[in-house]
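Dropping a prediction and its sequence here:
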Protein chains: 2
Amino acid sequence: MELRFEDVDDLCTGAAFLGAGGGGDPYIGGLMVKQELAAGRKIEIIDPDGLDDAKLIIPTAMMGAPTVLLEKIPSGEEPIRALRVVEKELGRQADATMPTEVGGINSTIPLFVGARLGIPVVDADGQGRAFPELQMETFAIEGVKGCPLGISDEKGDTSLVMTDDNHRMEWIARGITIRFGGTAYFANYPMSGAEVKRSAVKHTLTLARRIGEIIRNSRSRKLDPIDELFTFLATTSYAVARVIFDGKITDVDRRTSEGFTLGSVSIDNPSGRCIIEFQNENLIARVDGEVLAIVPDIISILDAETAMPITNETLRYGQRVKVMAVRVPPIMRSEAALKQFGPEAFGMSEAYRALE
Amino acid sequence: MELRFEDVDDLCTGAAFLGAGGGGDPYIGGLMVKQELAAGRKIEIIDPDGLDDAKLIIPTAMMGAPTVLLEKIPSGEEPIRALRVVEKELGRQADATMPTEVGGINSTIPLFVGARLGIPVVDADGQGRAFPELQMETFAIEGVKGCPLGISDEKGDTSLVMTDDNHRMEWIARGITIRFGGTAYFANYPMSGAEVKRSAVKHTLTLARRIGEIIRNSRSRKLDPIDELFTFLATTSYAVARVIFDGKITDVDRRTSEGFTLGSVSIDNPSGRCIIEFQNENLIARVDGEVLAIVPDIISILDAETAMPITNETLRYGQRVKVMAVRVPPIMRSEAALKQFGPEAFGMSEAYRALE
């Protein structure tokens, strides 16, 4: 399926929603993709179920602090250079690329790479949303190795990271990202078509596009976008969704540290205060100490009026918002998955309780 | 010339002297080299002037905080893995290895690598002493590129760094070193025999061995080792040397930070106090604010009795010491060299004044 110019904004809206506040501003990624399409390049989105088992798929993405991304716009060559590092190490060219996460700018980086290199983009990812760390991938749960990892900056510098331990991969690549100035572009988890079919969360680019389309359409048709979203999500593996709080932002505590955007946001209404903590992505929402939603379920902050998702680097005092929580699909709630990206993986003492 | 077992201790003593307090404890490196010789392996030291122009020489070394090295002894495979990363990137095997600095453990790492791989070690280096940062090389002054740089840790993890900017190479590799736990092993500045001849400080392994030999011999012959050293150095390109202070260590301020051992040592005698600042290596010696010696000249702290050099990680309160300064050869005092590793390169406002 060819990605149409008019799909890009919808896909970015959905990516921001699934990004759970993090993932980097998809607006920038959307612009990059639209430039490619306007220049006549094609982007082919392919179904993971139809992949030849022997094909080589190399995912591409951005990492670092989304706050820094706003000040250091990529030229576009960065993720391609990262991909080339992995290809050189493997001695083989990628047949396709794929998102590592369907959230924020990382839904669009592979689209850009696909356009530039003329290779298709697999409609799947390894997080079914956005998570902040590189080992937090369904790929890893299914035994796909994260390395070789190629990483690049905007100056043309690159590095190749080789380790058998995906936590070490994250640790080392994060250190390089900090030295690269807070953001970097990478390619990792090179895998076969068979591995994609076994380990990826499928059809998530399509999911993102549909979410964006529903928010846009409901606005133009004067329908309630939140109601429309509930109706749509009920037909997907992200079936349970709810508004867990609405109110006005009264405080944003946000800092760029250790290669992440860290902090919390407070939202008030007459009945109480909701505090959401984030490490790039929203991790937990509490009202007066009671947990309303927790990772890996998705916590997204939406504009109260338009239901447009707000990424954490653009949160500000006085915004009127609704907090929406969405239960992730079963593949992301297994015991192994919770170990990889459940509350404990983020150092939280709370147990996971799926949103119902 | 084959390195003899009985040469190793002398070479380590001289390496500690030329290490100017840094470079990492050569004792550990000496043990590694002696093990290889005891196991029947050979180490051939070759004259840079006799090198075939077309040969490939890949220097090998350790980087990080010498304080950490004491707690994290290398297995020996680390620098070999780093060398392999560079060889793989170049698609060619090294014909020889070489020190990047003749100081501390880095005089011995290439000897170990040479023994294990059966390749010769060039009698030369790129600093004529030890310096803390990777761009501080006569190789760089002569236009030899630092990358590809291969870097490895004790766990088997490796990384390849590619950048055209040697300062960025240092910055990125230091970041990786910090993530590797404070020490790492690397190979960089791969170069031709012609480039070695043009850019290296020559015969410095021999120099180190001779310095150690003189200190040892003068002890056994009841001669003054300092006088003997002066007499010997006068016959080399390190012709000017002097004792700039002697006294008792009254304070050591030493911390491990940013991938270095940073701090200062105070030495008192009845007439005043000498304060020496270091970043791994001793950078400047002042008495009551007056500069007695400054980089790139060598400042080494010797045991007052035996003239054995004391590396900064083993300085302690109460030691009776002599501070010796040595003027470096002309190749290291050129305008370009001072820019690379003179006082300004270390952020100091003092101008270089050669020891006379």
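Done, it's in. All figures in this text were calculated on a predicted structure; none of them were measured in a lab.

residue farthest from the centroid of chain A?
The C-alpha centroid of chain A is most remote from residue A:270, which lies 32.8 Å away (C-alpha atoms, centre = their mean).

In contact with it, which residues?
When the contact criterion is C-beta atoms under 8 Å, 6 or more residues apart in numbering or on different chains, residue A:270 has no partners at all. The way it works is simple: take the backbone N, C-alpha and C, and place the C-beta from them, glycine included.

let's see it at 10 Å
residue A:247 (C-beta atoms under 10 Å, 6 or more residues apart in numbering or on different chains).

any idea where the helices of the stretch 1-150 of chain A begin and end?
A:7-18, A:26-38, A:66-69, A:77-90, A:109-117, A:138-141 (DSSP state H, counting those that start in this stretch).

nearest to chain B, of those?
Comparison of the helices of the stretch 1-150 of chain A against chain B by C-beta to the nearest C-beta identifies helix A:77-90 as nearest, at 7.9 Å.

Pull out the buried positions in that closest one.
Counting neighbours by 16 or more other C-beta atoms under 10 Å in any protein chain shown, one finds that the buried residues in helix A:77-90 are A:78-89.

Please tabulate those residues in a markdown table, including the columns pLDDT and distance to chain B.
Below are the buried residues of helix A:77-90 laid out as a markdown table (pLDDT from 0 to 100; distance: C-beta to the nearest C-beta, whole Å):
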| residue | pLDDT | distance to chain B |
| --- | --- | --- |
| A:78 | 95 | 13 |
| A:79 | 97 | 16 |
| A:80 | 98 | 14 |
| A:81 | 98 | 9 |
| A:82 | 98 | 11 |
| A:83 | 98 | 14 |
| A:84 | 98 | 11 |
| A:85 | 98 | 8 |
| A:86 | 98 | 11 |
| A:87 | 98 | 14 |
| A:88 | 97 | 8 |
| A:89 | 97 | 8 |
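
Wait, residue A:251 touches residue A:274, no?
No. Checked against C-beta atoms under 10 Å, the pair residue A:251 and residue A:274 is beyond contact range at 11.1 Å.

Overlap in contacts, the two.
Joint contacts of residue A:251 and residue A:274 (C-beta under 10 Å, 6+ apart) are A:265-268.

re the thing from before, hey, least reliable of the helices of the stretch 1-150 of chain A by pLDDT?
Sorting the helices of the stretch 1-150 of chain A by mean pLDDT places helix A:66-69 lowest, at a mean of 77.

And the buried residues of helix A:77-90, which is closest to residue A:219?
Nearest to residue A:219, judged by C-beta to C-beta, of the buried residues of helix A:77-90 is residue A:79 at 32.1 Å.

which residues sit in contact with the closest one?
A:32, A:59-62, A:97, A:106, A:109-110, A:112-113, A:116, A:150-152, A:184-187.

So which of those residues reach chain B?
Residues of the contacts of residue A:79 in contact with chain B (C-beta under 10 Å from any C-beta of the partner chain): A:150-152.

Quick one: these as CSV, columns for distance to residue B:295 too.
Below are the ones next to chain B among the contacts of residue A:79 laid out as CSV (distance: C-beta to C-beta, whole Å):
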residue, distance to residue B:295
A:150, 37
A:151, 33
A:152, 34
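
The longest strand anywhere in chain A and chain B, are they touching?
Criterion DSSP state E: the longest strand present in chain A is strand A:241-257. No. Using C-beta under 10 Å from any C-beta, we find that strand A:241-257 stays clear of chain B, coming within 15.2 Å at best.

returning to that earlier point: mind putting the helices of the stretch 1-150 of chain A into JSON lines with distance to residue A:321?
Shown next, in JSON lines, are the helices of the stretch 1-150 of chain A (distance: least, C-beta to C-beta, whole Å):
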{"stretch": "helix A:7-18", "distance to residue A:321": "13"}
{"stretch": "helix A:26-38", "distance to residue A:321": "18"}
{"stretch": "helix A:66-69", "distance to residue A:321": "18"}
{"stretch": "helix A:77-90", "distance to residue A:321": "32"}
{"stretch": "helix A:109-117", "distance to residue A:321": "27"}
{"stretch": "helix A:138-141", "distance to residue A:321": "30"}
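
Of all the ones you listed, which one comes closest to residue A:241?
Taking those one by one with C-beta to C-beta, helix A:7-18 is closest: 10.3 Å.

counting contacts, what elements does that closest one pack onto?
helix A:26-38, helix A:109-117, helix A:204-220, strand A:298-303, strand A:320-326 (3 or more C-beta pairs under 10 Å, 6 or more residues apart in numbering or on different chains; DSSP states H and E).

Try it again at 6 Å.
Judged by 3 or more C-beta pairs under 6 Å, 6 or more residues apart in numbering or on different chains; DSSP states H and E, the packing partners of helix A:7-18 are helix A:26-38, helix A:204-220.

and of the ones you listed, who's closest to residue B:71?
helix A:26-38 (44.3 Å).

tell me which residues of that closest one are tucked away?
Neighbour-count burial for helix A:26-38 [16+ other C-beta under 10 Å]: A:26-34, A:36-37.

same question, stretch A:166-185
A:166, A:168-180, A:182-185.

what does stretch A:218-230 give?
So for stretch A:218-230, counting by 16+ other C-beta under 10 Å, buried means A:218-219, A:225-226, A:228-230.
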